[in-house]
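[1] Structure of the sequence below:
(one chain, ligands or ions: 2)
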Amino acid sequence: MRGIDELGDLRGQRVLLRSDLNVPLDAETITDDGRVRASVPTIQQLASAGARVVVMAHLGRPKGAPEAKYSLAPVAKRLSELLGADVAFAADTVGESARKTVAALADGDVALLENLRFDARETSKDDAERAAFAAELAELGDVFVSDGFGVVHRKQASVYDLAEVLPHAAGLLVKAEVQAFAKVLDDPARPYVVVLGGSKVSDKLGVIDNLLEKVDRLLIGGGMAFTFLKAQGYEVGGSLLEEDQLDTVRGYLDRAGERGVELVLPVDVVVAADISADAATSVVPASAIPADQKGLDIGPATIELFRGKLADAKTVVWNGPMGVFELAPFAEGTKQVAIAVSEVQGTSVVGGGDSAAAVRQLGLDEGAFTHISTGGGASLELLEGKVLPGLTVLES
Ligand SMILES: Nc1ncnc2c1ncn2[C@@H]1O[C@H](COP(=O)(O)OP(=O)(O)O)[C@@H](O)[C@H]1O
Ligand SMILES: O=C(OP(=O)(O)O)[C@H](O)COP(=O)(O)O
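    Ligands and ions are numbered 1, 2, ... in the order given. Purely as a prediction, here's the structure:
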């Protein structure tokens, strides 16, 4: 994979840089700036080389049109602070504001475009629509650098199509992440345990298919667990559920049994009627979730069960919080699993925007794990052996 150094002299060149700046926000306050920090070294290297750096990023999942709560404006401010230099913020992505902002850049300056996903073409499944958006983005740059590791599993205009129309290279973060995972991929020490949770259930259920061929144990918590519990015949009340995946999940349960993979599900759950910080909570068996309650964290018996399954692991990969850890009543499962993963004698990798935020919130830093990855879905797809569009396109 070509790196920035191989792009030639960048002085005066407009570099379109795809970063993953998808950070958790509480109104306009960034609650964890890990992804912004991780994007800084590449930006600094490009700016020091005299490039005019045009950063492109997404925030959340807006529906293809501008929405104030998904604006990248707070991220531009934080990026300015971290760089110690002004970051010009364009109020649109490929419109007049973007063109003027880029035209006004001097060598070594940095700009950030508004959320790419305010344009439906960014994430379109239609190749021609994405290509048209990439062509408009390409007018704002001479070179493309891909550094948003958290999105390299997405075949999207700013990740994939842009590399087909501009000279391109991988940024420092993408290179470092790929290298870190190569070590895990290459003959993992066993027992090899993957812990899955979080709320992107439909996205991440699919990775289990391939992981069943690779791992010794799969621990499933977070929003991911309830489709499994339902597939086993339990009612899950108002918990997150992928109804249309129940047959697929039954298939996973059968295959895990056949292959001797331990698929470990919660035995108890913290439930509440609403997702709120002052909700009345109770702990119920996973087989007895009341119809009017939602499962929002794993319970104490599950924490013990998971701790036991992690104790002798030699390789652990964890993506997805065990509960709604942002709120104190539902944070304990994530906290205890984070501690258990940090104590693993061997390789421990935490991936994902929210999972990484959770471990940092607990005061566990890079030193407590072999690697904290900025990508959750991206790292899981790498580990399952998939070809990631945003990486293969960089080889072309
Ligand atoms: N049982 C649950 N019900 C609803 N949301 C949950 C549950 N467990 C975890 N979550 C939510 O999952 C989100 C993170 O999911 P995801 O994006 O898949 O993880 P990551 O960003 O680490 O890859 C968090 O905001 C958390 O509140
Ligand atoms: O947060 C992200 O992924 P993650 O939750 O899997 O870590 C990335 O920014 C990708 O976002 P997406 O899953 O909306 O494409």
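[2] The residue in the chain that ligand 2 sits nearest to and ligand 1, how far apart?
    Nearest to ligand 2, among the residues of the chain, is residue 376, at 2.9 Å (C-beta to the nearest ligand atom). Yep, even glycine has a C-beta here, placed from its N, CA and C like the rest. As judged by C-beta to the nearest ligand atom, to the nearest Å, residue 376 and ligand 1 stand 3 Å apart.
[3] so what's that residue up against?
    Counting by C-beta atoms under 8 Å, 6 or more residues apart in numbering, residue 376 touches 150, 198, 200, 204, 319, 320, 351, 352, 353, 354, 355.
[4] ok, 10 Å please
    Going by C-beta atoms under 10 Å, 6 or more residues apart in numbering, residue 376 touches 150, 153, 196-198, 200, 203-204, 318-320, 350-356.
[5] Intersect those with the contacts of ligand 2.
    Residues of the contacts of residue 376 in contact with ligand 2 (C-beta under 6 Å from any ligand atom): 150, 200, 352, 353.
[6] In helices only, show me those residues.
    Secondary structure from DSSP state H places residue 353 of the ones next to ligand 2 among the contacts of residue 376 in helices.
[7] Pipe the ones next to ligand 2 among the contacts of residue 376 into CSV and attach distance to residue 274 and pLDDT per row.
    CSV is the format used below for the ones next to ligand 2 among the contacts of residue 376 (distance: C-beta to C-beta, whole Å; pLDDT from 0 to 100):
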residue, distance to residue 274, pLDDT
150, 30, 98
200, 21, 94
352, 25, 94
353, 24, 93
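[8] Of the ones next to ligand 2 among the contacts of residue 376, just the buried ones, PyMOL syntax please.
    The PyMOL command for the buried members of the ones next to ligand 2 among the contacts of residue 376 (criterion: 16 or more other C-beta atoms under 10 Å) is given here:
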select buried, resi 150+200+352+353
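[9] Which residues of the protein lie near ligand 1?
    With C-beta under 6 Å from any ligand atom as the criterion, the chain meets ligand 1 at residues 197-200, 222-223, 240, 295-296, 319-321, 323-324, 326, 352-355, 376.
[10] Can you pull the residues of the stretch 1-150 of the chain lying near ligand 2?
    20, 22, 61, 150.
[11] quick revisit: now a PyMOL select for only the buried ones of the residues of the chain next to ligand 1.
    Those of the residues of the chain next to ligand 1 that count as buried under 16+ other C-beta under 10 Å are selected in PyMOL with:
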select buried, resi 197+198+200+222+223+240+295+296+319+320+321+323+324+326+352+353+354+355+376
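[12] and the residues of the chain next to ligand 1, which of them are in strands?
    Counting by DSSP state E, the residues of the chain next to ligand 1 place 295, 296, 319 in strands.
[13] Show me what the first one is bridged to.
    According to DSSP bridges, the residues that bridge with residue 295 are residue 271.
[14] Who are the contact partners of it?
    221-223, 225-226, 229, 236-241, 266, 268-272, 284, 286, 289, 323-324, 330.
[15] For ligand 1, give me its nearest residue in the stretch 101-250 of the chain.
    Taking C-beta to the nearest ligand atom, the stretch 101-250 of the chain has residue 198 as its residue nearest ligand 1, at 2.5 Å.
[16] From residue 28, how far off is that residue?
    To residue 28, residue 198 is 24 Å away according to C-beta to C-beta, to the nearest Å.
[17] give the contact list for residue 229.
    Taking C-beta under 10 Å, 6+ apart, one finds 220, 235-236, 239, 241, 249, 265-266, 269, 286-287, 289, 295 in contact with residue 229.
[18] what do you get for residue 147?
    Neighbours of residue 147 in contact, by C-beta under 10 Å, 6+ apart: 4, 17-20, 38-39, 41-43, 46, 55, 57, 169-177, 374.
[19] Next one: it, what pLDDT does it get?
    On the pLDDT scale, residue 147 is placed at 98.
[20] how about the closest residue to residue 50 other than its chain neighbours, phi and psi?
    Excluding its sequence neighbours, the residue lying closest to residue 50 (C-beta to C-beta, 6 or more residues apart in numbering) is residue 11, at 3.4 Å. Here is the backbone geometry of residue 11 (degrees, to the nearest 10): phi -60, psi 130.
[21] Which pLDDT value goes with residue 11?
    Listed pLDDT for residue 11 reads 98.
[22] Tell me how far it lies from ligand 1.
    37 Å.
[23] With residue 285 instead?
    As for residue 285, its distance to ligand 1 is 16 Å (criterion: C-beta to the nearest ligand atom).
[24] now do residue 39
    Distance, residue 39 to ligand 1, using C-beta to the nearest ligand atom: 16 Å.
[25] host element of that residue?
    Here residue 39 is covered by helix 34-48, with elements defined by DSSP states H and E.
[26] The helix or strand that that helix is followed by to helix 34-48, inter-axis angle?
    Under the assignment DSSP H and E, the closest C-terminal helix or strand after helix 34-48 is strand 52-56. If you take axes from the mean of the first three to the mean of the last three C-alpha atoms, to 10 degrees, strand 52-56 sits at 160 degrees to helix 34-48.
[27] Output the following helix or strand past strand 52-56 as PDB, nothing but the C-alphas.
    Later in the chain than strand 52-56, the nearest helix or strand by DSSP H and E is helix 73-83. Coordinates of each C-alpha in helix 73-83 appear next as PDB, following Å, rounded to 0.1, in the frame of the first residue of the first chain:
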ATOM      1  CA  ALA A  73     -18.600  22.200  13.200                       C
ATOM      2  CA  PRO A  74     -17.700  21.100  16.800                       C
ATOM      3  CA  VAL A  75     -15.200  18.700  15.300                       C
ATOM      4  CA  ALA A  76     -13.500  21.500  13.300                       C
ATOM      5  CA  LYS A  77     -13.200  23.400  16.500                       C
ATOM      6  CA  ARG A  78     -11.600  20.500  18.300                       C
ATOM      7  CA  LEU A  79      -9.300  19.800  15.400                       C
ATOM      8  CA  SER A  80      -8.100  23.400  15.500                       C
ATOM      9  CA  GLU A  81      -7.300  23.100  19.100                       C
ATOM     10  CA  LEU A  82      -5.400  19.900  18.600                       C
ATOM     11  CA  LEU A  83      -3.400  21.200  15.700                       C
END
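[28] Tell me the gap between the helix or strand just after helix 73-83 and the middle of its chain.
    Note on helix 73-83: by DSSP H and E, the next helix or strand toward the C-terminus is strand 87-89. Here strand 87-89 is found 24 Å from its chain centre; the criterion is C-alpha atoms, centre = their mean, to the nearest Å.
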